[in-house]
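Engineer: any chance you can model this:
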Amino acid sequence: MTYPDAIKFLYDLQLFGARLGLENTFQLAELCGNPQNRLRFIHVAGTNGKGSTCAMLESIYRAAGLRVGLFTSPHLISFRERIQVNQQIISEQQVIEQVQAMRKVLENFSKEQHPTFFEVVTVIALRYFAAEKCDLVIWETGLGGRLDATNIVCPLASVITNVQLDHEKWLGETIERIAVEKAGIIKMRVPVFTSAENPIARGVIAATATREQAPLFAISKPLDGIALPLLGDHQRLNAALAKAVVRYLADQIPVNDEAVRLGLETVSWPGRLQVIKRGRQTILLDGAHNPAGAEMLRAAIKEHFARHSPTLVLGIMRDKDYVAMCNILAPVATKIVTCPVASDRTANAERLAKQCALANPDAGVTVAPSLEAALEQTASDAFVVISGSLHFIGHALQLLCPTDYPDERTLNEYTLTHRCTAHG
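Structural biologist: Next up is the predicted model:
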């Protein structure tokens, strides 16, 4: 098997769609010897900010000298970004070996009950982290929490960054319903940390924590006094959340103040308020993919780039609330270029342009046939903001900062086959 063969095998698992439920993941893990039982986890859920919080936790514990696994999704360019140990992405050879092993295990499943792409990748990550003898794994949920494949672990701490409207079709149409899904990662007597501000969400999280006898810690004050490289007040709140977790777990995993400082001051999380300089041009990349993320981006532009008149390049998925996102982001721009995301799930660029023109009649709004064309159209603009989708941001990074990694963004595509309502 070659690396392209392994990626094709994973890609073909998309035929089985995506599924909310734990039965397959538990069975897969058991067939692989339950590698999760040999690992320690911090489990992180939330609508926005969970990836950044994971990156901060990973950076702190790595600075403290631990061997730290990091599991996140989606990836920006390479599938291998999802599975890292001490900031080193899984090698192509390891992907091949893991896929070969999983292919044999999958023979135990019928076509009707065949595990999905995310279920398989979750167990691959567990196998890899156990083989690498990680001291700790920072473990990000995929979709929701309660029935997400990652929820087969019992962590040292559960973390819920926030609860906003997103993925409503699968998680529920209200904040309360979505909060129930996020709070589903809370385990019996395992401490839970949250920075959720919505009072309904906080109530759901508190009620779940009480039922599970889990100590609850609510973080509301952003962390000051740290030269955090990630822009935005919301990242300072994520930093305060990460620090609170580290402090609480210090009896089990000792971490000194210097490691906390160093970890936070050197954290990297591409595609989230990432600044790229091209000659005299400043480009700001941010994977704001829902209205709450768009609000954070707008606030960050006003805080850090108040003197600039941005050009906005926007590409959004059609299953997102793109009307709200256009209404939030268009007013900050003097020029707007909409274009399709290179995905079957893309929103229509002409519709985005019309909505942006309604939200900001004074801006010049144009439609580009592709992101490549949009970058050409804006090449002479001093300040360009590219946003709307992490898939879109991955494409932008590929164009602006080319790497040798093959483009594997299509592995982020999914279709939910059905929704389970109870644990498997």
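
Engineer: for the rest of this, base every contact and every neighbour count on C-alpha atoms.
Structural biologist: Noted.

Engineer: ranges for the helices of the stretch 201-350 of the chain?
Structural biologist: Counting by DSSP state H, counting those that start in this stretch, the stretch 201-350 of the chain has helices at residues 233-248, 257-265, 291-304, 322-329, 349-359.

Engineer: list the buried residues in the first one.
Structural biologist: Looking back up the chat, that one is helix 233-248. For helix 233-248, the neighbour count (16 or more other Cα atoms under 10 Å) marks 233-246 as buried.

Engineer: go on, the last one?
Structural biologist: For helix 349-359, the neighbour count (16+ other Cα under 10 Å) marks 349-350, 352-357, 359 as buried.

Engineer: likewise the shortest one?
Structural biologist: When neighbours are counted by 16+ other Cα under 10 Å, the buried residues of helix 322-329 are found to be 322-329.

Engineer: and the residue most central in space within the chain, which helix or strand is it part of?
Structural biologist: Against the mean C-alpha coordinate of the chain, by Cα atoms, centre = their mean, the closest residue is Gly51 at 4.4 Å. Assessed by DSSP states H and E, Gly51 sits inside helix 50-63.

Engineer: where in this structure is pLDDT low?
Structural biologist: 16-19, 166-170, 414-424 (pLDDT under 70).

Engineer: how close does the residue of it most remote from its centre get to Thr334?
Structural biologist: Distance from the C-alpha centroid of the chain peaks at Asp362, with 33.9 Å (Cα atoms, centre = their mean). According to Cα to Cα, to the nearest Å, Asp362 stands 7 Å off from Thr334.

Engineer: equivalent analysis for Lys50, please.
Structural biologist: In this view, Lys50 and Thr334 are 31 Å apart by Cα to Cα.

Engineer: when the two are compared, which one has more neighbours?
Structural biologist: A direct count of neighbours by other Cα atoms under 10 Å for Lys50 and Thr334 places Lys50 higher, at 22 against 17.

Engineer: quickly note the distance from that one to Ile276.
Structural biologist: 23 Å.

Engineer: so who does the closest residue to Lys187 other than its chain neighbours touch?
Structural biologist: Using Cα to Cα, 6 or more residues apart in numbering and skipping the chain neighbours, the partner closest in space to Lys187 is Glu212 (6.2 Å). For Glu212, the contacting residues are 186-189, by Cα atoms under 8 Å, 6 or more residues apart in numbering.

Engineer: that older thread, list just the nearest of the buried residues of helix 349-359 to Pro310.
Structural biologist: Cys356 (14.1 Å; Cα to Cα).

Engineer: quick one: contacts for the closest one?
Structural biologist: Per Cα under 8 Å, 6+ apart, neighbours of Cys356: 326-327, 330, 336, 365.

Engineer: what of Ala379?
Structural biologist: Listed by Cα under 8 Å, 6+ apart, the contact set of Ala379 reads Gln281.

Engineer: am I right that it sits in a strand?
Structural biologist: No: Ala379: not assigned to a strand; according to DSSP: H, G, I helix; E, B strand; the rest coil it is coil.

Engineer: Ile175 contacts Ile200, doesn't it?
Structural biologist: Yes: using Cα atoms under 8 Å, Ile175 makes contact with Ile200 at a distance of 7.0 Å.

Engineer: settle it for me: which of those two has more neighbours?
Structural biologist: Ile175 (20 against 16).

Engineer: dump the residue contacts of the more buried one.
Structural biologist: Counting by Cα under 8 Å, 6+ apart, Ile175 touches 163-165, 200-201.

Engineer: how does it look with 10 Å?
Structural biologist: Applying Cα atoms under 10 Å, 6 or more residues apart in numbering to Ile175 gives the contacts 163-166, 168, 181, 198-201, 204.

Engineer: residues near His304, how many?
Structural biologist: There are 11 residues near His304, going by other Cα under 10 Å.

Engineer: returning to what we had before: closest to Arg280 out of the contacts of Cys356?
Structural biologist: Taking the contacts of Cys356 together and measuring to Arg280 by Cα to Cα, the closest member is Ile336, at 19.6 Å.

Engineer: so what's the gap between the helix or strand where Leu10 lies and the chain middle?
Structural biologist: Leu10 is located in helix 3-12, with elements delineated by DSSP H and E. Remark: helix 3-12 is offset 22 Å from the chain centroid, using Cα atoms, centre = their mean, to the nearest Å.

Engineer: now stretch 185-198
Structural biologist: The answer for stretch 185-198 is 18 Å, by Cα atoms, centre = their mean.

Engineer: give the buried residues for it.
Structural biologist: So, applying 16+ other Cα under 10 Å, buried residues of stretch 185-198: 185-187, 189-196.

Engineer: what's the closest of those residues to Pro270?
Structural biologist: Ser195 (22.1 Å).

Engineer: quick one: contacts for the closest one?
Structural biologist: Neighbouring residues of Ser195 by Cα under 10 Å, 6+ apart: 46, 159-163, 202, 217-222, 234, 237-238, 240-241.

Engineer: so of those residues, which ones are in strands?
Structural biologist: In this view, the contacts of Ser195 that belong to strands under DSSP state E are 159-160, 217-218.

Engineer: that older thread, what's the closest of the helices of the stretch 201-350 of the chain to Asp407?
Structural biologist: Nearest of those (Cα to Cα): helix 349-359, 22.7 Å.

Engineer: okay, domains of the chain per the record?
Structural biologist: Annotated domains of the chain cover 3-269, 274-388 [automatic domain parsing].

Engineer: what's the span of the last one from first residue to last?
Structural biologist: Translated: domain 274-388. End-to-end distance (Cα to Cα), domain 274-388: 14 Å.

Engineer: do the same with the longest one
Structural biologist: End-to-end distance of domain 3-269 (Cα to Cα): 26 Å.

Engineer: how far does that domain sit from the chain's center?
Structural biologist: That offset, for domain 3-269, works out to 9 Å (Cα atoms, centre = their mean).

Engineer: the stretch 51-200 of the chain: helices as residue ranges?
Structural biologist: 92-105, 117-131, 168-171, 175-183, 199-211.

Engineer: could the ones you listed go into TSV alongside distance to Ala342?
Structural biologist: Putting the helices of the stretch 51-200 of the chain into TSV (distance: least, Cα to Cα, whole Å) gives the following:
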stretch	distance to Ala342
helix 92-105	25
helix 117-131	21
helix 168-171	22
helix 175-183	28
helix 199-211	34
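
Engineer: quick one, which of those helices is nearest to His75?
Structural biologist: Nearest of the helices of the stretch 51-200 of the chain (Cα to Cα): helix 117-131, 12.4 Å.
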